[in-house]
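> Fold the following for me, if possible:
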Amino acid sequence: MTSQQIPHRADRRRNRERLLAAAAEIVARDGASASLEEIARRAGLGSATLHRHFSSREALLAEVFHEGVERLAVRGRELNETVGGDGLAVWLEELTRYTATTRGLAVSLRPTEADSSCHGVLADVAADLAATAVGAGRLRPEVTVDDLLALANGIAIRAEGDPELATRLLRMAINGVAPRT
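The predicted model follows:
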(Lines give C-alpha, C1' and ligand atoms only; values in the text may rest on other atoms or scores of the structure.)
Protein backbone atom coordinates (compact mmCIF):
# COMPACT_ATOMS: atom_id res chain seq x y z
CA MET A 1 0.00 0.00 0.00
CA THR A 2 1.42 3.39 -0.96
CA SER A 3 1.31 6.44 1.26
CA GLN A 4 -0.98 8.08 -1.33
CA GLN A 5 -3.67 5.43 -0.76
CA ILE A 6 -3.88 6.00 2.99
CA PRO A 7 -4.92 9.69 2.80
CA HIS A 8 -7.44 8.84 0.10
CA ARG A 9 -9.12 6.33 2.41
CA ALA A 10 -9.02 8.78 5.32
CA ASP A 11 -10.51 11.50 3.10
CA ARG A 12 -13.22 9.13 1.94
CA ARG A 13 -14.07 8.22 5.54
CA ARG A 14 -14.14 11.90 6.59
CA ASN A 15 -16.34 12.79 3.62
CA ARG A 16 -18.78 10.03 4.53
CA GLU A 17 -18.88 11.19 8.15
CA ARG A 18 -19.48 14.79 7.04
CA LEU A 19 -22.29 13.69 4.73
CA LEU A 20 -23.95 11.64 7.47
CA ALA A 21 -23.69 14.49 10.00
CA ALA A 22 -25.20 16.95 7.52
CA ALA A 23 -27.90 14.45 6.52
CA ALA A 24 -28.87 13.77 10.14
CA GLU A 25 -29.31 17.48 10.77
CA ILE A 26 -31.24 18.24 7.60
CA VAL A 27 -33.42 15.12 7.72
CA ALA A 28 -34.31 15.93 11.35
CA ARG A 29 -35.50 19.33 10.14
CA ASP A 30 -37.05 18.46 6.76
CA GLY A 31 -37.85 14.76 6.91
CA ALA A 32 -37.06 12.12 4.33
CA SER A 33 -37.61 14.46 1.40
CA ALA A 34 -34.66 16.62 2.48
CA SER A 35 -32.67 18.04 -0.41
CA LEU A 36 -29.70 15.85 -1.27
CA GLU A 37 -28.00 18.89 -2.79
CA GLU A 38 -28.40 20.79 0.48
CA ILE A 39 -26.95 17.85 2.39
CA ALA A 40 -23.90 17.82 0.11
CA ARG A 41 -23.52 21.60 0.39
CA ARG A 42 -23.82 21.52 4.19
CA ALA A 43 -21.11 18.85 4.26
CA GLY A 44 -18.93 21.08 2.08
CA LEU A 45 -18.95 18.53 -0.74
CA GLY A 46 -20.44 18.14 -4.18
CA SER A 47 -23.54 16.12 -4.93
CA ALA A 48 -21.43 13.68 -6.97
CA THR A 49 -19.50 12.84 -3.81
CA LEU A 50 -22.76 12.19 -1.98
CA HIS A 51 -23.90 9.85 -4.75
CA ARG A 52 -20.59 7.99 -4.74
CA HIS A 53 -21.09 7.25 -1.04
CA PHE A 54 -24.83 6.56 -1.15
CA SER A 55 -26.40 4.94 -4.19
CA SER A 56 -29.88 6.24 -3.36
CA ARG A 57 -31.83 8.41 -0.96
CA GLU A 58 -32.96 5.21 0.77
CA ALA A 59 -29.36 4.12 1.31
CA LEU A 60 -28.52 7.48 2.87
CA LEU A 61 -31.59 7.38 5.12
CA ALA A 62 -30.80 3.82 6.21
CA GLU A 63 -27.37 5.01 7.35
CA VAL A 64 -28.78 8.08 9.10
CA PHE A 65 -31.21 5.92 11.07
CA HIS A 66 -28.93 2.91 11.53
CA GLU A 67 -28.13 3.40 15.24
CA GLY A 68 -31.73 4.01 16.29
CA VAL A 69 -32.98 1.05 14.27
CA GLU A 70 -30.30 -1.18 15.81
CA ARG A 71 -31.36 -0.05 19.31
CA LEU A 72 -34.95 -0.99 18.46
CA ALA A 73 -33.79 -4.37 17.19
CA VAL A 74 -31.80 -5.06 20.38
CA ARG A 75 -34.78 -3.98 22.47
CA GLY A 76 -37.07 -6.32 20.54
CA ARG A 77 -34.76 -9.28 21.15
CA GLU A 78 -34.59 -8.41 24.87
CA LEU A 79 -38.38 -8.22 25.11
CA ASN A 80 -38.78 -11.53 23.30
CA GLU A 81 -36.50 -13.20 25.84
CA THR A 82 -37.84 -11.51 28.98
CA VAL A 83 -41.51 -10.72 28.36
CA GLY A 84 -42.48 -13.45 25.93
CA GLY A 85 -45.87 -13.16 24.23
CA ASP A 86 -46.53 -9.66 25.52
CA GLY A 87 -43.24 -8.36 24.13
CA LEU A 88 -44.67 -7.69 20.69
CA ALA A 89 -47.18 -5.09 21.94
CA VAL A 90 -44.55 -3.36 24.08
CA TRP A 91 -42.08 -3.30 21.18
CA LEU A 92 -44.64 -2.05 18.65
CA GLU A 93 -45.45 0.81 21.00
CA GLU A 94 -41.77 1.71 21.38
CA LEU A 95 -41.28 1.45 17.62
CA THR A 96 -44.30 3.65 16.90
CA ARG A 97 -43.30 6.32 19.44
CA TYR A 98 -39.73 6.41 18.13
CA THR A 99 -40.86 6.58 14.52
CA ALA A 100 -43.39 9.32 15.31
CA THR A 101 -40.66 11.47 16.89
CA THR A 102 -37.88 10.77 14.35
CA ARG A 103 -38.56 12.77 11.19
CA GLY A 104 -37.97 10.79 8.03
CA LEU A 105 -37.75 7.36 9.64
CA ALA A 106 -41.23 6.32 8.53
CA VAL A 107 -40.11 6.48 4.90
CA SER A 108 -37.15 4.24 5.71
CA LEU A 109 -39.47 1.64 7.19
CA ARG A 110 -41.21 0.96 3.91
CA PRO A 111 -40.35 -2.46 2.54
CA THR A 112 -37.48 -2.57 0.06
CA GLU A 113 -35.64 -5.35 -1.68
CA ALA A 114 -32.51 -4.63 0.39
CA ASP A 115 -32.26 -6.87 3.43
CA SER A 116 -30.08 -4.28 5.12
CA SER A 117 -32.80 -1.64 4.96
CA CYS A 118 -34.37 -0.28 8.13
CA HIS A 119 -37.47 -2.29 7.28
CA GLY A 120 -35.48 -5.48 6.85
CA VAL A 121 -33.72 -5.17 10.20
CA LEU A 122 -36.96 -4.50 12.07
CA ALA A 123 -38.94 -7.10 10.12
CA ASP A 124 -36.57 -9.83 11.35
CA VAL A 125 -37.10 -8.80 14.97
CA ALA A 126 -40.84 -8.39 14.48
CA ALA A 127 -41.04 -11.90 13.01
CA ASP A 128 -39.47 -13.40 16.13
CA LEU A 129 -41.72 -11.36 18.42
CA ALA A 130 -44.79 -12.27 16.37
CA ALA A 131 -43.97 -15.99 16.46
CA THR A 132 -43.66 -15.83 20.24
CA ALA A 133 -46.92 -13.85 20.50
CA VAL A 134 -48.76 -16.37 18.30
CA GLY A 135 -47.42 -19.22 20.43
CA ALA A 136 -48.65 -17.45 23.57
CA GLY A 137 -52.09 -16.82 22.07
CA ARG A 138 -51.52 -13.04 22.00
CA LEU A 139 -51.60 -12.64 18.20
CA ARG A 140 -53.75 -14.19 15.52
CA PRO A 141 -51.65 -16.42 13.24
CA GLU A 142 -52.88 -14.77 10.04
CA VAL A 143 -51.43 -11.37 11.02
CA THR A 144 -48.22 -10.85 9.07
CA VAL A 145 -45.08 -8.98 10.00
CA ASP A 146 -45.72 -6.58 7.12
CA ASP A 147 -49.22 -5.95 8.54
CA LEU A 148 -47.74 -5.08 11.93
CA LEU A 149 -45.03 -2.83 10.55
CA ALA A 150 -47.47 -1.09 8.21
CA LEU A 151 -49.81 -0.47 11.14
CA ALA A 152 -47.05 0.99 13.30
CA ASN A 153 -45.68 3.01 10.40
CA GLY A 154 -49.06 4.41 9.36
CA ILE A 155 -49.78 5.50 12.91
CA ALA A 156 -46.33 7.09 13.21
CA ILE A 157 -46.86 9.05 10.00
CA ARG A 158 -50.23 10.33 11.21
CA ALA A 159 -48.85 11.15 14.65
CA GLU A 160 -45.53 12.66 13.57
CA GLY A 161 -44.17 14.75 16.41
CA ASP A 162 -46.83 13.55 18.87
CA PRO A 163 -45.73 10.34 20.62
CA GLU A 164 -48.75 10.41 22.95
CA LEU A 165 -51.13 10.29 20.00
CA ALA A 166 -49.02 7.53 18.45
CA THR A 167 -49.31 5.49 21.66
CA ARG A 168 -53.06 6.04 21.96
CA LEU A 169 -53.73 5.07 18.33
CA LEU A 170 -51.54 1.97 18.51
CA ARG A 171 -53.21 0.80 21.72
CA MET A 172 -56.62 1.28 20.11
CA ALA A 173 -55.49 -0.76 17.11
CA ILE A 174 -54.08 -3.53 19.27
CA ASN A 175 -57.03 -3.65 21.65
CA GLY A 176 -59.71 -2.94 19.08
CA VAL A 177 -62.28 -0.21 19.23
CA ALA A 178 -65.35 -2.29 20.06
CA PRO A 179 -66.65 -1.99 23.61
CA ARG A 180 -65.51 -4.79 25.86
CA THR A 181 -68.21 -7.16 26.98
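> CA only for contacts and neighbour counts going forward, please
Noted.
> So what's the residue count around the nearest residue to Thr132 once chain neighbours are set aside?
Closest residue to Thr132 apart from its sequence neighbours, by C-alpha to C-alpha, 6 or more residues apart in numbering: Gly85 at 5.3 Å. For Gly85, the tally of surrounding residues (other C-alpha atoms under 10 Å) stands at 22.
> cool, Ser108 as well?
24.
> Use 35 as the first number from now on
Will do, 35 is the new start, and the previous item becomes Ser142.
> And it, how far from Val108?
Ser142 sits 18 Å away from Val108, going by C-alpha to C-alpha, to the nearest Å.
> what's the neighbour count on Val103?
Per other C-alpha under 10 Å, the neighbour tally for Val103 reads 23.
> list the contacts for it?
Counting by C-alpha atoms under 8 Å, 6 or more residues apart in numbering, Val103 touches Cys152, Val155, Leu156.
> which other helices and strands contact the longest helix seen in the chain?
The residue-count maximum for a helix in the chain (DSSP state H) belongs to helix 39-64. Here helix 39-64 touches helix 70-76, helix 81-87, helix 91-98, going by 3 or more C-alpha pairs under 8 Å, 6 or more residues apart in numbering; DSSP states H and E.
> taking those helices together, which one is wrapped up most tightly?
By mean neighbour count, with neighbours taken as mean count of other C-alpha atoms under 10 Å, helix 91-98 ranks first of those at a mean of 20.
> That one versus helix 39-64: what angle between them?
Angle of helix 91-98 versus helix 39-64, following axes from the mean of the first three to the mean of the last three C-alpha atoms, to 10 degrees, is 100 degrees.
> what's the next secondary structure element after the least confident helix or strand in the chain by mean pLDDT?
None of the helices or strands of the chain scores lower by mean pLDDT, DSSP states H and E than helix 139-142, at a mean of 78. As assigned by DSSP states H and E, the chain's next helix or strand after helix 139-142 is helix 152-169.
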